[in-house]
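J.: quick one: sequence and predicted model below, then my questions.
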Amino acid sequence: MSTLEIRDLHVSVETKEGAKPILRGVDLTLDSGKIHAIMGPNGSGKSTLAYSLAGHPKYQITAGTVTLDGEDVLAMTVDERARAGLFLAMQYPVEVPGVSVSNFLRTAKTAIDGEAPALRTWVKDVKRAMEDLRMDPAFAERSVNEGFSGGEKKRHEILQMELLSPKFAILDETDSGLDVDALRVVSEGVNRVHAKTDVGVLLITHYTRILRYIKPDFVHVFVDGKIAEEGGSELADRLEAEGYDRYLVPASA
């Protein structure tokens, strides 16, 4: 059992006008094997939380703590966070020209585990995972994300998640830009990894459509850089019906 604990997290980003607060005191605890969905309107701080946990230098932690099994995540470098068990699937995966998918995956696995995987076993694992995600095997020899469609990039993110076996996977708007078929395949991939490992999932999304395929244990509503409401999967159904207006419009006197 692993635990990722976020306490009173405040994060700012530097602008021309100076430091702008984005997160304003986030408290969240994730345990192994549980799926947490974070929902909220644009600009509420959802992606800021994801990138702050991953260690993006753009975001400045001004207060609060993040621990993984008692270890100080904020004191770790980006690669140390990955080796500790944090994984980020980005909303807009970057292209890495000149680096093949197969080399990228094996290098990442070696860096995380501290030793290279046995080649024969590794090749079988990669092939099986690509088949499950309905990825053309030829993609293994293409440059990372170069010329990939939006759906192909997101499938590659889930391929990484499956092969790298993190303790916690942060999925930042993985459903963004996916058609119905790609959404189903990607969701099935997340569910498959979740079912066969103890990975904890932090799923960030605007919409409930991905939650029709990936059932969350907990739903957290982000508004203005903090959690405005929490509940079970039924909260997502309420958001689908009512939207976010009730969090944004002040109640009448």
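T.: Yes, it's here. It should be emphasised that the depicted structure is a prediction, and the values quoted were computed from it without experimental measurement.
J.: please enumerate the helices of this protein.
T.: Secondary structure of the chain, counting by DSSP state H: helices at 46-54, 78-84, 101-113, 119-132, 150-164, 180-196, 233-242, 245-248.
J.: quick one: mean pLDDT over the shortest one.
T.: Same thing as helix 245-248. If you average the pLDDT over helix 245-248, you get 81.
J.: and for the fourth one?
T.: Per-residue confidence for helix 119-132 averages out to 93 on the pLDDT scale.
J.: all further residue positions should be reported with the first residue as 544.
T.: Shifting the count to begin at 544 puts that one at helix 662-675.
J.: in the chain, which helix or strand is least confident?
T.: helix 788-791 (a mean of 81; mean pLDDT, DSSP states H and E).
J.: which elements pack onto that helix?
T.: When contacts are defined as 3 or more C-beta pairs under 8 Å, 6 or more residues apart in numbering; DSSP states H and E, helix 788-791 sits against strand 761-766. Heads up, the C-betas are built off the backbone N, CA and C, glycines and all.
J.: direction included, what does the strand it packs on pair against?
T.: Each strand pairing with strand 761-766, determined using DSSP bridges, is listed with its direction: strand 578-582 (parallel), strand 769-774 (antiparallel).
J.: please identify the deepest-packed of those strands.
T.: Using mean count of other C-beta atoms under 10 Å, the stretch among these with the largest mean neighbour count is strand 578-582, at a mean of 24.
J.: list of residues touching that strand?
T.: Residues outside strand 578-582 that contact it (C-beta atoms under 8 Å, 6 or more residues apart in numbering): 571, 573, 589, 592, 737, 743-749, 751, 754, 757-765, 779, 782.
J.: over to stretch 674-694?
T.: Contacts of stretch 674-694 from elsewhere in the structure, counted by C-beta under 8 Å, 6+ apart, are 636-645, 647, 669-670, 673, 695-696, 698-699, 701-702, 705, 719-722, 724-725, 728-729, 731-732, 735.
J.: out of those residues, which are buried?
T.: With neighbours counted by 16 or more other C-beta atoms under 10 Å, the contacts of stretch 674-694 contain buried members at 636, 643-645, 647, 669, 673, 695-696, 698-699, 701-702, 705, 721, 725, 728-729, 731-732.
J.: now, of the contacts of strand 578-582, which are buried?
T.: Neighbour-count burial within these applies to 571, 573, 589, 592, 737, 743-749, 751, 754, 757, 759, 761-765, 779, 782; the criterion is 16+ other C-beta under 10 Å.
J.: please name the nearest non-neighbouring residue to Leu676.
T.: Closest residue in space to Leu676, ignoring its immediate chain neighbours: Arg698 at 4.7 Å, by C-beta to C-beta, 6 or more residues apart in numbering.
J.: shaky segments in the chain?
T.: Low-confidence segments of the chain (pLDDT under 70): 792-796.
J.: kindly recompute the last result at 80.
T.: 791-796 (pLDDT under 80).
J.: hang on, the earlier thing: with distance to Leu617 added, can I get the strands paired with strand 761-766 in JSON lines?
T.: Shown next, in JSON lines, are the strands paired with strand 761-766 (distance: least, C-beta to C-beta, whole Å):
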{"stretch": "strand 578-582", "distance to Leu617": "19"}
{"stretch": "strand 769-774", "distance to Leu617": "18"}
